[in-house]
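*Asks:* let me see the structure of the following:
(2 chains)
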Number of protein chains: 2
Amino acid sequence: MTDYPKTVEIHEEGPREGFQIEPGPIQTAEKIRLIEALAETGLHHIQVCSFVNTRLVPGWADAEATVEGFTARPGVHYTGLWFNSNGLERALAFRDKLTVTGSIHVTASEAFTRKNLNRSHAENLAAMRKQTALHLAHNVPVNRVGVMAAFGCNYQGDISPAQVVSTVADGMAIAAEHNTKIDVISLADTMGWAAPHRIERVIGEVRARWPDQTIALHLHDTRGLAVANAAAALRMGVAQFDSTVGGLGGCPFAGQKGAAGNICTEELALLCAEMGIETGIDLDRLIEVGRMAEAIVAHVLPSELIHAGSLDAFRRQAA
Amino acid sequence: MTDYPKTVEIHEEGPREGFQIEPGPIQTAEKIRLIEALAETGLHHIQVCSFVNTRLVPGWADAEATVEGFTARPGVHYTGLWFNSNGLERALAFRDKLTVTGSIHVTASEAFTRKNLNRSHAENLAAMRKQTALHLAHNVPVNRVGVMAAFGCNYQGDISPAQVVSTVADGMAIAAEHNTKIDVISLADTMGWAAPHRIERVIGEVRARWPDQTIALHLHDTRGLAVANAAAALRMGVAQFDSTVGGLGGCPFAGQKGAAGNICTEELALLCAEMGIETGIDLDRLIEVGRMAEAIVAHVLPSELIHAGSLDAFRRQAA
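*Replies:* Have a look, this model is predicted:
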C-alpha cells in the first residue's frame, strides 16, 4: 500500500550544513548571496547558520554577520542551529529575523553521543531538560524531537527500531515534563546507514507509537542510498525532509573524511516533481543556485542534477 | 504489494562503459588489472570491451589486446559489445574466451536513434534484421532485446510506456521472423529520465505484454535518481541489472558533457545486501576494486560508497 503525500515541505540546510564543513573560509558576502538566491527558488524553510562554538566550527564565526547581512523574503522561515544557552542567546538577538524554535536533540547511539557531544545519553538527557526549560523561559516554543543516528552508527553499528523508539520516548518524556507539545519527530540518518527496508521499519514503529506527530527525515547520502531512502519514505507518506542544495555538507564529526553530505535538495525536488508531488520549488532556478553553491565552494558538489540539467529544460527543447 | 527477488544478477559494465568515455588513454594493462580484480569479487558477468569503430571510440582501440591479455576465471561470463558485422567478427575471434550472444538493439526515441546511430527507427529495424540473421548464421544465439531511451530522451522528451511497448514489439517481431527465442528484455534509461513511478509503469506494461521474459534494467544516474529507480524495480521483482564499478562511464553521445554514468555496482550491491537480497558479491572486496578504478582513471568517481566504506566494516569494528 502506498500513501504518497500531495505536498512535501523541504527544509534547506545547505548554508548551515555546507559552510560548517568547507575547508577554506567562505566570504560572508557569498553566504548571504546563496541564502538570498535560495529564498527565490520557492523554498520556504532555510537554515542559514550555526550558533556554535567558533573554535570547534570556525566556518561559522560569522554567524551574526551573515544573519545581519541577508535581506529576508516575506513568507520564508529562516532558522539557525544551536546546542547550548550561549547559542540560544545568540539566536534570540535575531528574533525579528529568524524563526526561533527549540528542539530536543537526542541520539539513538550511546557511542555517537559520547563521540559527538562528549556526554553519555543520560547526561545528554539532563542537558536537554535544562535546555528545554531555558527555551521555554524565553518563550521559545520547543516543538520538535530530533533523533541522531536513528538508522545506524559508525561507532555502535546497527541501531534497532526499538532503540529508536526508546530514544524518541526519552525526548517526548522531557517535553511532557515541561508541558510542551511536540509537533515533529525528526529522524536523522547521520552516518548514512539507512536502506529502504530500515526506513520502513523505523518509521513504521515510530509512527505506530506517535501517530499524531509529523515525521521528518534528515538523510545523509554517505553511501549513495539517500534518494532510495527518500523514495521509500515518500511511499509511507513522509512529507518533511531536510536537504542541502548541491549536496553541500557532511558530518565532520562522524569519523569519515570522504563522507558525502546530505541528500541534494534539487534531486529530492526532482524526485517529488516526477512523482507528481508538489514542493513549491522552481527546479530550474534551484539548479542554478546549486551551480552557484558549487562556484562558491570552488569544488565539484555531489549533485548529479546540477551537472546534467533538469528534465523540464530538455522537455521544453524537445517540444 | 511487493515482490522482491531473492537473488539479483548484476552485469558489470565498468570496463566497457567506463573506458570508452575517459579522456586520457588508459593503459591496456590497467584495463586487464581491473577486469581480473572484478572477477574476484563474486561478479559472474563482466562486459570487458567494445568492438566498435576505433575512430569513434578510440578508448577501445585495444579491445583485442585487452581480451587476449586477461586471465579468465572459471564460472565468470565475459562479454563484449558490438553494433555491426565487423564488431561481431572481432568478437567471434574470441569465442573461446567471451560469451558471444546477440542482442536486438532498438530505441524508443526516433530522435535519439538519429542522433546516436544516424538512422531512422525503420532503418535501424532493417539493420537489426540483417544483424540478427548474421548472428544466427554464425550460430550465435540472439536472445535479448535491448531498448535504449526507454524512460525518456533529451531530444524527444518523455517517452510513453505505450511507445516502449511498441518498440519492444518491433524487436520481438524481428526475433519471431528469425525464429529465435528472446529470454531477456533489457530496458535502458540511457539519459537519466526515469523516476520510480515511471519505472513502475513501464515495467508493468512491458511485463503484462511479455510475462515470460526476464526484464533487465540498465540505469544511468544522470540526475541522481538511479538508486531510487533500482529500489522501485526491486520491489517489482526485477532481478537483473547492469551497473559499473565506481559509477564509471556515461554516455558520450547523449549531449550532456557533465552527465554521470551508470548506477554504481557497489551501491546497487549495498542496496541489495541491506534489503536481504543475495548478489553473490563480496562488497568489501568490490569497494576496493572501485577504489582501484578511481586510481586508474585518476579522477574522483561518482560512487559515494567507495569513499565512505562499507557498513559491514563499521559493523565489525563496533562488534
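*Asks:* state whether A:I199 is indeed within a strand.
*Replies:* No - counting by DSSP: H, G, I helix; E, B strand; the rest coil, A:I199 falls outside a strand, being helix.
*Asks:* quick check: it vs A:W193, distance?
*Replies:* A:I199 is 11 Å from A:W193, where distance means Cβ to Cβ, to the nearest Å. C-beta coordinates here come from the backbone N, C-alpha and C atoms, glycine included.
*Asks:* looking at chain A, which helix or strand does the model trust least?
*Replies:* Lowest on mean pLDDT, DSSP states H and E among the helices and strands of chain A sits helix A:19-21, with a mean of 80.
*Asks:* can you confirm whether that one lies near chain B?
*Replies:* No - Helix A:19-21 does not reach chain B (Cβ under 8 Å from any Cβ of the partner chain); its nearest approach is 14.2 Å.
*Asks:* tell me how far that helix lies from the chain's centre.
*Replies:* Its chain's C-alpha centre and that of helix A:19-21 lie 14 Å apart, by Cα atoms, centre = their mean, to the nearest Å.
*Asks:* which elements pack onto the very next helix or strand once past that helix?
*Replies:* With elements assigned by DSSP states H and E, the helix or strand that comes after helix A:19-21 is helix A:28-39. When contacts are defined as 3 or more Cβ pairs under 8 Å, 6 or more residues apart in numbering or on different chains; DSSP states H and E, helix A:28-39 packs onto strand A:45-50, helix A:63-69, helix A:283-297.
*Asks:* residues in contact with the second one?
*Replies:* Translated: helix A:63-69. A:15, A:28-29, A:31-32, A:35, A:48-51, A:78, A:80, A:90, A:93-94, A:97-98 (Cβ atoms under 8 Å, 6 or more residues apart in numbering or on different chains).
*Asks:* among the residues you listed, name the buried ones.
*Replies:* Neighbour-count burial (16 or more other Cβ atoms under 10 Å in any protein chain shown) applied to the contacts of helix A:63-69 gives A:15, A:28, A:31-32, A:35, A:48-51, A:78, A:80, A:90, A:94, A:98.
*Asks:* for A:E9, see how far away the residue nearest to the spatial centre of chain A is.
*Replies:* Taking Cα atoms, centre = their mean, the centroid of chain A lies closest to A:D242, which sits 3.8 Å from it. Computed as Cβ to Cβ, the A:D242 to A:E9 distance reads 10 Å.
*Asks:* again, but for A:D3
*Replies:* 16 Å.
*Asks:* helix, strand or coil: sort out A:R144 for me.
*Replies:* Per three-state DSSP, A:R144 ends up strand.
*Asks:* and A:A208, which helix or strand is it part of?
*Replies:* helix A:196-209.
*Asks:* list the contacts of that helix.
*Replies:* A:150-152, A:161-162, A:164-165, A:168-169, A:185, A:187, A:194, A:215, A:217, A:225, A:228-229, A:231-233, A:236, A:238, B:231, B:271, B:274-276.
*Asks:* restricting to C-alpha, output it in CSV.
*Replies:* Presented in CSV, the C-alpha positions along helix A:196-209 are these (Å, rounded to 0.1, in the frame of the first residue of the first chain):
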residue,chain,number,x,y,z
PRO,A,196,14.6,1.3,2.2
HIS,A,197,13.5,-1.6,4.5
ARG,A,198,15.1,0.0,7.5
ILE,A,199,13.4,3.3,6.7
GLU,A,200,10.0,1.4,6.5
ARG,A,201,10.6,-0.4,9.8
VAL,A,202,11.8,2.6,11.8
ILE,A,203,9.2,5.0,10.5
GLY,A,204,6.5,2.3,11.0
GLU,A,205,7.4,1.8,14.6
VAL,A,206,7.8,5.4,15.5
ARG,A,207,4.5,6.3,13.8
ALA,A,208,2.7,3.5,15.5
ARG,A,209,3.7,4.9,18.8
